[in-house]
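Visitor: I'll drop the sequence and a predicted model, then ask my questions.
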Amino acid sequence: MKRKLIKIALFVTFPALICISVILKGKQFLLIAFSGVIFALLMFFSGIERKNLTSRKLVILSIMTALCLMGRIFPVLKPVTAIIILTGMHLNAESGFFTGAMAAFLSNFYFGQGPWTIFQMFTWGMIGFFAGIFSTALKKNQIFLLSYGVVSGIVYSFSMDVWTVLWYSGEFNGELYLSAIFTALPFTMLYCIGNLIFLVVLAEPIGKKLSRLHTRYGI
């Protein structure tokens, strides 16, 4: 019951933080991002029983997050979203959300923190979260996995376009949003292509490693 309540809170807390960020017009963005980190931690710890909370699982999650951080340095095509998807698939929804949110927060200490951070945390977190929800189908059907990668690229781009419009006009405007979507279309295509390539390349080796750890250690 507690786990379900925290999952429900996911769909309230982060949108609320985003609304607060918009109302404050980008001020206190680090405080808002830190609040998101705290909630991501709550999400992660709610998703595992204490007996399964081992140092091994924490180390694995840290490694997956670190891979995301290194992946953002890649030029043009980046494996970040693919790694987040695979984390959610092979660990669980909460771990996927945590990895996505932390990947955005931590990497932005290099790329630059700002009011966009909470948008990135929520979007990548939700991509990892739903990868965990649909994990069975994603593992069994490669077409579904690749399709999910494409949809994730579109969702990420469209979500960041919402941020662009809000900070350009101070409020959501449908015409500006459509303009932002068309302007960002080349980047959206790159996101989708990158996700396809990295899921094809990484799904099997990372999947085997995580499955082996699950079988051997119950992670």
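Guide: Yep, it's here.
Visitor: Leaving out chain neighbours, which residue sits closest to residue 134?
Guide: Nearest non-adjacent residue to residue 134, counting by C-beta to C-beta, 6 or more residues apart in numbering: residue 148, 7.0 Å away. Yep, even glycine has a C-beta here, placed from its N, CA and C like the rest.
Visitor: same check, this time on residue 98
Guide: In this structure, residue 98 finds its nearest non-sequential neighbour in residue 44, 4.0 Å apart by C-beta to C-beta, 6+ apart.
Visitor: again, but for residue 30
Guide: residue 113 (6.0 Å).
Visitor: is it true that residue 86 touches residue 201?
Guide: No. With contact defined as C-beta atoms under 8 Å, residue 86 and residue 201 do not form a contacting pair (11.0 Å).
Visitor: chain center to the helix ranked longest in the chain, what's the gap?
Guide: When the chain is scanned for its longest helix (criterion: DSSP state H), the result is helix 185-217. In terms of C-alpha atoms, centre = their mean, to the nearest Å, the centre of helix 185-217 is set 13 Å apart from its chain centre.
Visitor: In that helix, which residues are buried?
Guide: Buried residues in helix 185-217, counted by 16 or more other C-beta atoms under 10 Å: 188, 190-192, 194-196, 198-199, 202-203, 206-207, 210, 213.
Visitor: helix, strand or coil for residue 113?
Guide: coil (DSSP: H, G, I helix; E, B strand; the rest coil).
Visitor: What count of nearby residues applies to the residue nearest to residue 30?
Guide: For residue 113, the neighbour count with other C-beta atoms under 10 Å is 15.
Visitor: Would you point out which residue is most central in this protein?
Guide: residue 124 (1.9 Å; C-alpha atoms, centre = their mean).
Visitor: tell me the SS of residue 97?
Guide: helix.
Visitor: Burial check on it, number of neighbours?
Guide: 32.
Visitor: quick one: it from residue 193, how far?
Guide: Distance of residue 97 to residue 193, computed by C-beta to C-beta, to the nearest Å: 25 Å.
Visitor: Repeat that for residue 27.
Guide: Separation of residue 27 from residue 193 (C-beta to C-beta): 36 Å.
Visitor: From one end of stretch 68-85 to the other, what's the distance?
Guide: Start to finish, the residues bounding stretch 68-85 are 11 Å apart (C-alpha to C-alpha, to the nearest Å).
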